[in-house]
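> I'd like to go over a predicted model; first the sequence, then the structure.
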Amino acid sequence: MIVICKKLGIDFDGNVVDSCEEDFDIEGYTIFTCPALYHKVRDKVENYKVLDLRVLKAFRNPNEVAKAILTSESIYNELEFETVDVGNSVVYVGDNLELIRELSLHCDLTVITQNEDTIENLYPYEIRVIRGRVKDIKGSMGNFKVYVEGYDVVRGEDVDVVESGQVIYPNFDKCVEGIYNDEFFGAFKVLSNLGGFMKLIAVKIDPEICGATKSGIIGCTFCLECPNSAVKMENGKIEVDLISCKACGFCSSICFTSAMKNKVLSHDKLVEKIERVSEVTKLDTIAFVCESTLGKLYRFKNLPDVAIIPVPCLNHLNEVHYLYAVLKGFKVLAVPCNNFKTDCFNIAVKTLKAFGFDCLKIARWENFEEVFDELKNAKVPKVKFELRGRNKREMWLSLVESLMVYELKERIFESEHFGKIKVNENCTLCKACMNFCPMEAIKRNGGKILFNHALCIACEMCAKACPEKAITVEKVLDFGDFGEKLVFEDEMIRCPKCGKTHMSRKAYEKMKKLTGMEKSLLFCNECRPKIILEGVYEEIVREMRKRLGE
């Protein structure tokens, strides 16, 4: 449901309200086009979005821009939340007596200080007091261990660790959720979090397709570059710290196997937004805009019209989304916040550049018109395409294949996200590389190893798993080397008994050298035991005949 203030002058299907004073009904997920409309019914609404469309006066044709925004925002995800247990214990490191006394009324407080005046003023120690200093803090919100060198004034004994759910520590120099280095802000946060709070679940991981580790070998770790350090590898598995996560979307957008599932704005919902906006707008430029930057539009006037698709953070977008918008016929601008990581954006730019297109750019509101003008004469590819694939990389490849009707203008780009392998003569065709590759970029067909560069994510797991050290990986994106290519070939030995190929010539030579066996190795695993038993039987028979003849 969309509630529109009539004064905005927006022509769009919805519940049009004459003024902020008018009563109106709401139903289901509701989009408020003015904050005053939201405040009118805030006690009655649960699932909602506030869009102050007065900012659209910054554009030459606000109604056309509003059409794109409202169409996009009508498509939304049902959000999931989880309860974070914080407990009631708090450690305060400092000497602010007023703050100490106020906090002590609401929580189980421990004060750590070296100031004798503070210790004296806290007599008769209804609050736990530690005379000493903090050496280190480990753990996470709800389960911190504060390591100290001190003396427990209440218990009259030395103490080396204090457990706590939250910590206020003005001199702490690390950014850890639940440890506050501003004591007044910290006091507010501590009180609001006491007991527990609801936290948005931003991402879920499918460990079955994650390419981070396998059998102790570390592979793809791009998600560990999380700008908030919320993604970590624990005991050989990728985990997301729910408390540290800011729901920026980077981990899911950079995940090439699509193991990281975005629960705030899913891949499919973003594609649907682009699709729906393309159906309703007459504008030739789409702008993906970080929601936090929309407030800046109050400063501007007479900006060129674009079809705005707001997103919680531009890090939610991956290269498929940018390319999808371009292939729908749009020039594309990205208007980010300060936390924008450009990995996926750069892949999309390189993809378009390879075929001679320069219709995707980053803009800030401060230079928006200037960048928009740079796109005026930019050409947009006109191709038929189908978005398909089991994961993000395969989807990207399906879009690249549609661009291949154009001549390749630039072939090779530096990239940390793509790899080309070389296989040397040490290879024994053992299949380790194939079995470890999370993208199925390596296949074995008889005595041949086939490699698809377009699917390789340069995780180097194949090289690490190879027992012969036969593989090297070059990190590069080569648009002239897509498709399955032969990278190694060796003769395959056929079993003399059943005729099945079962071992490469290189593997045979290696095993013969290691075991001293020769003829029996020529047989496959199924036939070899039979041949050995038959040989033993014949030897016994010969021995028995020899004895009988004597």
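Nice, thanks for sending it over.
> mind listing what the nearest residue to residue 8 once chain neighbours are set aside touches?
Nearest non-adjacent residue to residue 8, counting by Cβ to Cβ, 6 or more residues apart in numbering: residue 53, 5.6 Å away. Every residue, glycine included, has its C-beta placed from N, CA and C. Contact criterion Cβ atoms under 8 Å, 6 or more residues apart in numbering gives 8, 10, 33, 34, 62, 66, 69 as the residues in contact with residue 53.
> is it true that the fourth one touches residue 54?
Spelled out, that is residue 34. Yes. The criterion here is Cβ atoms under 8 Å, and residue 34 meets it with residue 54 at 6.8 Å.
> By mean pLDDT, point me to the weakest helix or strand of the chain.
The weakest-scoring helix or strand in the chain, judged by mean pLDDT, DSSP states H and E, is helix 527-549 (a mean of 66).
> For the stretch 251-400 of the chain, give me the ranges with low pLDDT.
Within the stretch 251-400 of the chain, no stretch has pLDDT under 70.
> For it, which segments count as strands?
Taking DSSP state E, counting those that start in this stretch as the test, the strands found in the stretch 251-400 of the chain are 260-262, 285-290, 307-311, 331-335, 360-362.
> so which of those strands comes closest to residue 228?
strand 260-262 (14.3 Å; Cβ to Cβ).
> From the contact counts, what lies against the closest one?
With contacts defined as 3 or more Cβ pairs under 8 Å, 6 or more residues apart in numbering; DSSP states H and E, strand 260-262 has these neighbours: strand 203-205, helix 250-254.
> Turn the ones you listed into JSON lines, including distance to residue 523 and mean neighbour count.
Shown next, in JSON lines, are those (distance: least, Cβ to Cβ, whole Å; neighbours: other Cβ atoms under 10 Å):
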{"stretch": "strand 203-205", "distance to residue 523": "45", "mean neighbour count": "19"}
{"stretch": "helix 250-254", "distance to residue 523": "48", "mean neighbour count": "27"}
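> In JSON lines, list these along with distance to residue 396.
Shown next, in JSON lines, are those (distance: least, Cβ to Cβ, whole Å):
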{"stretch": "strand 203-205", "distance to residue 396": "20"}
{"stretch": "helix 250-254", "distance to residue 396": "12"}
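> Quick check: which of those is nearest to residue 133?
helix 250-254 (37.0 Å).
> Mind listing residues that contact the closest one?
When contacts are defined by Cβ under 8 Å, 6+ apart, helix 250-254 is touched by residues 203, 222-223, 225-227, 230-231, 240, 260-262, 267, 315-318, 341, 343-344.
> measure residue 240 to residue 411 for me?
Between residue 240 and residue 411 the distance is 37 Å, computed by Cβ to Cβ, to the nearest Å.
> between those two, who's got more neighbours?
The residue with more neighbours, out of residue 240 and residue 411, is residue 240; 19 against 11, by other Cβ atoms under 10 Å.
> Check that one and give its pLDDT.
Looking at residue 240, its pLDDT stands at 92.
> Would you mind confirming that it is in contact with residue 200?
No. Using Cβ under 8 Å, residue 240 makes no contact with residue 200, being 11.6 Å away.
> Dead centre of the chain: give me the residue that sits there.
Centroid-nearest residue in the chain: residue 251, 1.2 Å away (criterion: Cα atoms, centre = their mean).
> Can you classify the closest residue in space to that residue that isn't next to it in sequence as helix, strand or coil?
Leaving aside its sequence neighbours, residue 251 sits nearest to residue 223 (Cβ to Cβ, 6+ apart; 4.1 Å). Recorded secondary structure, residue 223: helix (DSSP: H, G, I helix; E, B strand; the rest coil).
> what sits against residue 223?
Residue 223 makes contact with 212, 231, 238, 250, 251, 254, 255, 260, according to Cβ under 8 Å, 6+ apart.
> where exactly do the strands run in the stretch 401-550 of the chain?
Using DSSP E, counting those that start in this stretch, strands in the stretch 401-550 of the chain cover 412-423, 442-445, 448-452, 471-478, 484-489, 492-494, 501-504.
> Now mean pLDDT, distance to residue 274 and mean neighbour count too, for the ones you listed, in JSON lines please.
Shown next, in JSON lines, are the strands of the stretch 401-550 of the chain (pLDDT from 0 to 100; distance: least, Cβ to Cβ, whole Å; neighbours: other Cβ atoms under 10 Å):
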{"stretch": "strand 412-423", "mean pLDDT": "97", "distance to residue 274": "22", "mean neighbour count": "18"}
{"stretch": "strand 442-445", "mean pLDDT": "93", "distance to residue 274": "33", "mean neighbour count": "16"}
{"stretch": "strand 448-452", "mean pLDDT": "95", "distance to residue 274": "27", "mean neighbour count": "20"}
{"stretch": "strand 471-478", "mean pLDDT": "97", "distance to residue 274": "24", "mean neighbour count": "18"}
{"stretch": "strand 484-489", "mean pLDDT": "94", "distance to residue 274": "31", "mean neighbour count": "16"}
{"stretch": "strand 492-494", "mean pLDDT": "81", "distance to residue 274": "48", "mean neighbour count": "17"}
{"stretch": "strand 501-504", "mean pLDDT": "77", "distance to residue 274": "48", "mean neighbour count": "20"}
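> Now render those strands as a markdown table, adding distance to residue 435.
Listed next are the strands of the stretch 401-550 of the chain as a markdown table, based on distance: least, Cβ to Cβ, whole Å:
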| stretch | distance to residue 435 |
| --- | --- |
| strand 412-423 | 15 |
| strand 442-445 | 9 |
| strand 448-452 | 13 |
| strand 471-478 | 13 |
| strand 484-489 | 16 |
| strand 492-494 | 18 |
| strand 501-504 | 16 |
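> Compare the ones you listed and report which one is nearest to residue 430.
Between residue 430 and the strands of the stretch 401-550 of the chain, the tightest spacing by Cβ to Cβ is seen for strand 501-504, at 8.3 Å.
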